[in-house]
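In: Sequence first, then the predicted structure, then my questions.
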Amino acid sequence: KLLVPCKSLGFTLAAGESQFTEDMSDAVSEADFSKVKDYKHIPEAVPGLQTWLLLLCLEDRIEAANEWCHEMGAATLEEVIESREDLADFLQ
């Protein structure tokens, strides 16, 4: 099943998938986004890191993830993903 946020981003169902998970369009349209922090101004230590964290709903951890990347010497998103368990431990 494809998550509803993916539907709002324009993704479509893959072969064999019959439906999106529950429709939360009302919840999204009624959500209060006035207190949402803009993370776009924070540079990323590794290209693509912000997008990857956003997809994991961890965009608020960009500063800590940047710190981890610098400490570990991660230079690519592939390296970060390969070491995601270590990053998860660091972010806790």
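Out: Yep, it's here.

In: Poorly predicted segments of the protein, please.
Out: 1-40 (pLDDT under 70).

In: Go again with 50.
Out: Applying pLDDT under 50 to the chain flags the ranges 1-4, 27.

In: In it, mark out all the helices, start to finish.
Out: Counting by DSSP state H, one finds helices in the chain at the ranges 4-8, 25-30, 49-55, 62-72, 77-82, 84-91.

In: So which of these is nearest residue 42?
Out: For these, the distance to residue 42 is smallest for helix 62-72, at 5.2 Å, taking CB to CB. (Glycine included, C-beta is placed from N, CA and C.)

In: What residues sit buried inside the closest one?
Out: 62, 65, 66, 68, 69 (16 or more other CB atoms under 10 Å).

In: Show me the contact partners of it.
Out: Defining contact as CB atoms under 8 Å, 6 or more residues apart in numbering, one finds that helix 62-72 is touched by 39, 42-46, 49-50, 53, 58, 74, 79-80, 83, 86-87, 90-91.

In: which among those end up buried?
Out: Buried among the contacts of helix 62-72 (16+ other CB under 10 Å): 44, 45, 46, 49, 50, 53, 58, 74, 80, 83, 87, 90.

In: and residue 56, backbone torsions?
Out: Torsion angles at residue 56 (phi, psi; degrees, to the nearest 10) stand at phi -90, psi 0.
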